[in-house]
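Undergrad: pasting the structure only:
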């Protein structure tokens, strides 16, 4: 079987734990996920099966949305409630408007330092493994974008927010940074991914449902449908024949409803199937063979 599974990840499992269970349920080793969720977190976890693993790199680039609750006054080493308490401070009295004003500072493009307890790697070693050894290394900030940050509820020392953000955003770090501005610290107590790219939580299934259903194919989305938010470009026979030899198509060899902007990533289709991913690049100086820059080809001669 091949396709994309949209899993509602349960709390208490790592993303790789979920991959292992999907491998067992679908009886295949060729499984990978798009976008790590912490063990504490739940929600949308796209998992590619079979040949669909070839599109994972494109799914990782998607924007995401979360609902998170964080507790003020306590800082942990992991920045969530799974970690050890490293600092406790009194929670100041703060009005709803003041809290909203502080949260507003974190919207737009901001620099964020990834947490030590993360899957990022240093010389091939995940940072969380170094953190467990008591090591802390310098972590350069990364430019991210918060499109929306709404306060859903604020009761005593508990604050619930919803966040729409770019890839690479750590909600644990966001909550920690808000807590530092407040002067009392904070850590995440619950986190749920509501959507990633075009996929929402309403489309997801659970591991329990998968285990109780014999026909698991019904839960899979085709690779082409999984990338439905990217423009589709249909190749004619000439374009497909050239593509099979690794030659990018000319504009005359494709059908376009609307010419994409230079640099836009598109799906190349033939006979209703996804055959390649490419970037529209009509102004390239070093490539005279076509108007697209091939990123990944799924067919061959």
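TA: The structure has been received and is ready for your questions. Not measured: the values here are computed from a predicted model. Residues are numbered from 1 along each chain as shown.

Undergrad: what's the helix or strand for residue 93?
TA: Residue 93 is part of no helix or strand when elements are defined by DSSP states H and E.

Undergrad: same check, this time on residue 181
TA: Assigned by DSSP H and E, residue 181 belongs to helix 171-182.

Undergrad: if I look at the residue positioned nearest the centre of the chain, how far off is residue 9?
TA: Centroid-nearest residue in the chain, with C-alpha atoms, centre = their mean: residue 35, separated by 3.9 Å. According to C-beta to C-beta, to the nearest Å, residue 35 stands 10 Å off from residue 9. Where you see a C-beta, it was placed from the backbone N, CA and C, and this is true even at glycine.

Undergrad: Now do the shared contacts for the two.
TA: The contact sets of residue 35 and residue 9 overlap at 15, 45, 193 (C-beta atoms under 8 Å, 6 or more residues apart in numbering).

Undergrad: Of those, which is the most crowded?
TA: Neighbour counts for the shared contacts of residue 35 and residue 9, by other C-beta atoms under 10 Å, peak at residue 45, which reaches 26 neighbours.

Undergrad: and the residue nearest to residue 30 when sequence neighbours are not counted, how many residues sit next to it?
TA: Using C-beta to C-beta, 6 or more residues apart in numbering and skipping the chain neighbours, the partner closest in space to residue 30 is residue 50 (5.3 Å). Close neighbours of residue 50, defined as other C-beta under 10 Å, add up to 17.

Undergrad: ok, now the one 3 residues further on?
TA: Other residues near residue 53 come to 18 when the count uses other C-beta under 10 Å.

Undergrad: residues contacting the nearest residue to it once chain neighbours are set aside?
TA: Spatial nearest neighbour of residue 53, chain neighbours left out: residue 32 (4.8 Å); criterion: C-beta to C-beta, 6+ apart. Neighbour list for residue 32: 19, 47, 48, 53, 56 [criterion: C-beta under 8 Å, 6+ apart].
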